[in-house]
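> got a sequence here, can you build the structure:
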Amino acid sequence: MILKWIEFLRAHMGGLKTVLIVYLVALGVFDVMQSRVHAHYLIDKIYLYWTLFGSIGCFILIKVAKGIAHLFLGKDEDFYG
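Now for the predicted structure:
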């Protein structure tokens with residue numbers, strides 16, 4: 001079942017990217033529309049701070065994990081033979 005979902009998402013990668021970008025923009029618009037009157041911390045008053053923090057943090061996490069995977073799991077081209 002999950003394999004079919006993964007194959008479907010891989011076959012429709014452009015549509016998936018469009019949906020996720022629209023979702024991220026909607027989150028940004030929702031964040032701008034929020035009231036900043038009762039903010040607990042100073043950074044809560046900054047527009048789009050948590051949206052950008054989450055997006056950039058996710059990007060950095062993916063890049064670091066991919067770099068670590070290539071560093072420790074990657075083998076030479078003739079490793080098996």
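> mean confidence (pLDDT) on stretch 2-15, please.
The average pLDDT for stretch 2-15 rounds to 92.
> quick one: buried residues of it?
Buried residues in stretch 2-15, defined by neighbour count with 16 or more other Cβ atoms under 10 Å: none. In this view, the C-beta of every residue, glycine as well, is placed from N, C-alpha and C.
> where along this structure do the helices fall?
Assigned by DSSP state H, the helices in the chain fall at 2-11, 13-33, 49-73.
> not counting sequence-adjacent ones, nearest residue to residue 43?
Excluding its sequence neighbours, the residue lying closest to residue 43 (Cβ to Cβ, 6 or more residues apart in numbering) is residue 49, at 5.3 Å.
> pretty sure that neighbour sits against residue 41.
No - contact criterion Cβ atoms under 8 Å: residue 49 and residue 41 do not qualify, at 9.8 Å.
> what about these two, which has more around it?
Ranked by neighbour count (other Cβ atoms under 10 Å), residue 49 and residue 41 place residue 49 first, with 14 against 8.
> what's the burial count for residue 28?
Quick note: residue 28 (other Cβ under 10 Å) scores 15 neighbours.
> contacting residues for it?
48, 51 (Cβ atoms under 8 Å, 6 or more residues apart in numbering).
> give me the distance between it and residue 22.
The gap separating residue 28 from residue 22 is 11 Å, by Cβ to Cβ, to the nearest Å.
> also residue 13?
On the measure of Cβ to Cβ, residue 13 and residue 22 end up 15 Å apart.
> what of residue 6?
Where residue 22 is concerned, residue 6 sits at a distance of 22 Å (Cβ to Cβ).
> could you do residue 65 as well?
For residue 65, the distance to residue 22 - Cβ to Cβ - is 26 Å.
> cool, residue 12 as well?
When residue 12 is compared with residue 22 (using Cβ to Cβ), they lie 15 Å apart.
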